[in-house]
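*Asks:* Fold the following and give me the result.
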Amino acid sequence: MANDQLRLIALDEQDLEVVSSHLQDAVVRVGEMAYLPSQKRFAAILNRFNWEKATKTAANENERRRTALRFDRVLGAQIKSLRPSASDRVLSLLAVHFEPSEHPSGYVTLTFSGDASIRLHVECIEAELTDLGPAWKARSKPQHPGGEPGSADA
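*Replies:* Residues are numbered from 1 along each chain as shown. Reported below is the predicted structural model:
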């Protein structure tokens, strides 16, 4: 793995917030997400916008990266406003959030544009984000009313 590729492990809520910030505005096809009940796993392949580089470089140097996201110890999954059969539908990931229940279990919600979401019932937070290859130039930088992600205005 190249030095500029990201690899993060999330084992608690704070870790998951970091993962969420790196995945904001990632795009994913419905067909590139899967819940595997026999393995207690949810996995997705996304194209994430590289926010850590975007804040340091000129606008014409924005980039995206192919990224794997995995949640283990998943007990169940619920979907809202999306059909697994619409495998070519592209979603924009807005946030990943944890809602605790009986410690250490809870619910991880992946919230997408268009009011779509995936809610994972997890034994505990156990997630991994791994960049899979080289970056490519992004066509544009995602826009957010009120400021950049991670800024005091956002």
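
*Asks:* Show the contacting residues for residue 9.
*Replies:* 15, 127-128 (Cβ atoms under 8 Å, 6 or more residues apart in numbering). C-beta: built from backbone N, CA, C; applies to glycine.

*Asks:* Revised request: answer the last question for residue 131.
*Replies:* 1, 5-7, 48, 65-67.

*Asks:* The host helix or strand of residue 118 pairs with which strands, and in what direction?
*Replies:* Using DSSP states H and E, residue 118 falls within strand 117-122. Strand 117-122 has the following sheet partners, assigned by DSSP bridges: strand 74-80 (antiparallel), strand 106-112 (antiparallel).

*Asks:* For the helix or strand bottoming out on mean pLDDT in the chain, buried residues please.
*Replies:* Ranked by mean pLDDT, DSSP states H and E, the weakest helix or strand in the chain is helix 51-54, scoring a mean of 80. Neighbour-count burial for helix 51-54, with 16 or more other Cβ atoms under 10 Å as criterion, is recorded at 51, 54.

*Asks:* And the helices in the chain, which stretches?
*Replies:* 13-23, 51-54 (DSSP state H).
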